[in-house]
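J.: Just need the structure, nothing else, for what follows:
(one chain, ligands or ions: 1)
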Amino acid sequence: MSKDTLSIRHNRTGREVEYPLLKGTLGKETVDIRSLYKDLDCFSYDPGFMVTASCRSNITFIDGEAGVLLYRGYPIEQLAENCDFMEVAYLLMYGELPNRSELDIFVQEIGKRSILDESLRVFFEGFHYDAHPMAMLVGVVGSLSAFYHSELNMKDPEHRRICAMRLIGKMPTIAAASYRHSVGKPFVFPRLDLNYCENFLNMMFSRSSPNYIDPNHYIDPEAVKALNLSLILHADHEQGASTSTVRLAASTGANPYACIAAGIAALWGPAHGGANEAVLNMLATIGTVDRIPEFIAKAKDKKDPFRLLGFGHRVYKNHDPRARIIRQTCHDLLNSGKNADPLFDLALALEEYALQDEYFIERKLYPNVDFYSGIIYKALNIPVEMFTVMFAIARTAGWVSHWLEMMDEPNIPIGRPRQLYSGPDKREFLSIDER
Ligand code: ACO
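T.: Numbers count the residues shown, from 1 in each chain. Now for the predicted structure:
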């Protein structure tokens, strides 16, 4: 019997089958049970995909126990320390860090693709003034295929690349437009002389007078640095719920804009990307340090649906490496004096309290990246409803990279899980008078 297999024995029939153990570059061995149904006439049950690898991927690696996150092999700490978000987006998409001229060409193309078609701009007028920016983002991104249908031959790698670049390029423009619409302000055109983060901040906050960026082209470098860092940390996270949603939608052959819109919708939930918004709302509800014990008790009470938002992670069970990096930036930004915020003191007190509590220690519940990212966004004056939109801007780089990777595969099976049916047994229909 080969040692690189795992045997599954059906104890009723006595039939035993050996399944191959697959080994990736890094990470756990993975048993290939694709033929389980054929061999043993049963399915595997794994709600929430706790132990199921849904695909092969070369993009991101996570070791949840060790708190390791690698993009294309590079540790997140090194990328966060040294890179611009555009370099990271290039790395995720193409697999290698760009040299200077490759990066220049990439940045120029992203800039060129940041402009919205006029009719798409008008599309926003259909939204109610107080629509949530995430609702607008889902709708507008989903509609892109109606506006840009000339390069939608998914068999053509160049068409696919253009779609990916267009999504990365347009996401900040659509995001800022969603915000501007929600506050009744005119849209600001993208500026190709600014970098990705500066341009986004300018589209968000520019006024005819005074401009967000003053005549001497001054933009708070700390704000740009913090935003750049947050985008890098959120750019990819292997098969998270939204990326898996993108892949599932893509497996049907849906167009990339529809797939990314599906990913945005999945991101919105408070158990995923909606957590950063929910953290800030939670901190506002807690209000003062003396109320922390009350909320900790609520989070521990199994009868109460309340959870301490920004704590816990499906994969990281010791620490979230992104949280470690962003925590320091939070400190720097808020200690600079310009952005002092009592909510941050409250957040630190909550973190300290929870980390000493037996319930959180036992379950390995540590602050995740979104415990801090919302605080950073708040310091940048980004409104709370935009926090998940910020996550979506960053994650677009990851989503499109996964989509491109998947589209390169020769055979893409449609994502179609099975189920454990627990409804009524087969029964006879009763006419309405007999019921
Ligand atoms: N507060 C209180 N208890 C919690 C929390 C929390 N935030 N998170 C998990 N637990 C408890 C659960 O009640 C469970 O307890 P039990 O074993 O006594 O039943 C145990 O810890 C394990 O929790 P699961 O739900 O099984 O953990 P899972 O890995 O499925 O969930 C998740 C991970 C969804 C992130 C969860 O921890 C959570 O809801 N956190 C709050 C929301 C959040 O911050 N989401 C952002 C994730 S990061 C991101 O998307 C970038």
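
J.: Pull up the residues of this structure that are close to the ligand.
T.: Applying Cβ under 6 Å from any ligand atom, we find that the chain lies next to the ligand at 271-273, 275, 299, 307-314, 363, 365, 368-370. Using the backbone N, CA and C atoms, a C-beta is placed for each residue, glycine as well.

J.: Would you mind listing which of these are buried?
T.: Those of those that meet the buried threshold are 272-273, 275, 299, 307-313, 365, 368-370, by 16 or more other Cβ atoms under 10 Å.

J.: Cross those against helices and list the overlap.
T.: Within those, residues falling in helices by DSSP state H are 275, 299, 369-370.

J.: Quickly check the residues you listed for the two that are furthest apart.
T.: 299 and 369 (18.9 Å; Cβ to Cβ).

J.: ok, the spatially closest residue to residue 182 that is not a sequence neighbour to the ligand distance?
T.: The shortest distance from residue 182 to any residue other than its chain neighbours is 5.9 Å, reached at residue 133 (Cβ to Cβ, 6 or more residues apart in numbering). According to Cβ to the nearest ligand atom, to the nearest Å, residue 133 and the ligand sit 18 Å apart.

J.: how about whatever residue of the stretch 301-435 of the chain ends up closest to the ligand, phi and psi?
T.: Relative to the ligand, the nearest point of the stretch 301-435 of the chain is residue 312 (2.3 Å; Cβ to the nearest ligand atom). With angles defined as degrees, to the nearest 10, residue 312 sits at phi 90, psi 150.

J.: Please name the residues that touch the closest residue to it other than its chain neighbours.
T.: Closest residue to residue 312 apart from its sequence neighbours, by Cβ to Cβ, 6+ apart: residue 365 at 4.4 Å. Contacts were defined as Cβ atoms under 8 Å, 6 or more residues apart in numbering; by that measure residue 365 touches 308, 311-312, 354, 359.

J.: May I have the predicted confidence score for residue 365?
T.: At residue 365, the model reports a pLDDT of 91.

J.: which residues touch the closest residue to the ligand within the stretch 151-300 of the chain?
T.: Ranked by Cβ to the nearest ligand atom, the top residue of the stretch 151-300 of the chain for proximity to the ligand is residue 275, at 3.4 Å. Contact analysis of residue 275 by Cβ under 8 Å, 6+ apart lists 309-310, 368, 370.

J.: Please tell me how far it sits from residue 390.
T.: 12 Å (Cβ to Cβ, to the nearest Å).

J.: can you check residue 397 too?
T.: Distance of residue 397 to residue 390, given as Cβ to Cβ: 13 Å.

J.: quick one: buried residues of stretch 93-106?
T.: By neighbour count with 16+ other Cβ under 10 Å, stretch 93-106 contains the buried residues 93, 97-98, 106.

J.: Might you list the low-confidence residue ranges for the stretch 251-400 of the chain?
T.: Scanning the stretch 251-400 of the chain for pLDDT under 70 picks out the ranges 336-339.

J.: make it 80
T.: Along the stretch 251-400 of the chain, the model assigns pLDDT under 80 to residues 331-341.

J.: What average pLDDT does stretch 177-196 get?
T.: Per-residue pLDDT over stretch 177-196 has a mean of 92.

J.: how about the strands in the chain?
T.: Assigned by DSSP state E, the strands in the chain fall at 5-9, 16-22, 30-31, 60-63, 68-71, 74-75.

J.: May I see those arranged in a markdown table, with distance to residue 256 as well?
T.: A markdown table is the format used below for the strands of the chain (distance: least, Cβ to Cβ, whole Å):
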| stretch | distance to residue 256 |
| --- | --- |
| strand 5-9 | 36 |
| strand 16-22 | 28 |
| strand 30-31 | 28 |
| strand 60-63 | 19 |
| strand 68-71 | 21 |
| strand 74-75 | 26 |
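
J.: Just the pLDDT at whichever residue of the stretch 1-150 of the chain sits closest to the ligand, thanks.
T.: Nearest residue of the stretch 1-150 of the chain to the ligand: residue 48, at 6.1 Å (Cβ to the nearest ligand atom). Looking at residue 48, its pLDDT stands at 94.

J.: and it, what does it touch?
T.: Counting by Cβ under 8 Å, 6+ apart, residue 48 touches residue 314.

J.: heads up, I number from 390, so please use that
T.: Taking 390 as the first residue, the last one we looked at is residue 437.

J.: Among the strands of the chain, which comes closest to residue 576?
T.: The nearest among these, by Cβ to Cβ, is strand 457-460 at 32.2 Å.

J.: List the pairing partners of that closest one within its sheet, with orientation.
T.: strand 449-452 (antiparallel), strand 463-464 (antiparallel) (DSSP bridges).

J.: Residues touching it, excluding its own?
T.: Strand 457-460 is contacted by residues 415, 448-451, 464-465, 468, 477, 480-481, 624-626, 710-711 when judged by Cβ under 8 Å, 6+ apart.

J.: do that again at 10 Å, thanks
T.: Around strand 457-460, the neighbours that count as contacts under Cβ atoms under 10 Å, 6 or more residues apart in numbering are 414-416, 448-452, 464-469, 472, 477, 480-481, 484, 486, 621-622, 624-627, 704-705, 709-711, 714, 758, 786-787, 790.

J.: Pull out the buried residues from these.
T.: Buried among those (16+ other Cβ under 10 Å): 448-452, 465, 468-469, 472, 477, 480-481, 486, 621-622, 624-627, 704-705, 709-711, 714, 758, 786-787, 790.

J.: So in the chain, which helix runs the longest?
T.: Every helix in the chain considered (DSSP H), the longest is helix 546-571.

J.: And that helix, what does it pack against?
T.: helix 474-483, helix 489-501, helix 507-512, helix 522-536, helix 585-594, helix 645-656, helix 776-796 (3 or more Cβ pairs under 10 Å, 6 or more residues apart in numbering; DSSP states H and E).

J.: Let me have those in a markdown table, extended by distance to residue 814.
T.: Output for the helices and strands packed on helix 546-571, formatted as a markdown table (distance: least, Cβ to Cβ, whole Å):
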| stretch | distance to residue 814 |
| --- | --- |
| helix 474-483 | 49 |
| helix 489-501 | 57 |
| helix 507-512 | 49 |
| helix 522-536 | 39 |
| helix 585-594 | 56 |
| helix 645-656 | 34 |
| helix 776-796 | 39 |
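
J.: Flag every buried residue along stretch 539-551.
T.: Buried residues in stretch 539-551, counting neighbours by 16+ other Cβ under 10 Å, are found at 543, 548-551.

J.: Quick check: end-to-end length of it?
T.: 11 Å (Cα to Cα, to the nearest Å).

J.: Report the distance from that stretch to the chain centre.
T.: 24 Å (Cα atoms, centre = their mean, to the nearest Å).

J.: How far does stretch 685-699 stretch from one end to the other?
T.: Counting by Cα to Cα, you get 13 Å between the two ends of stretch 685-699.
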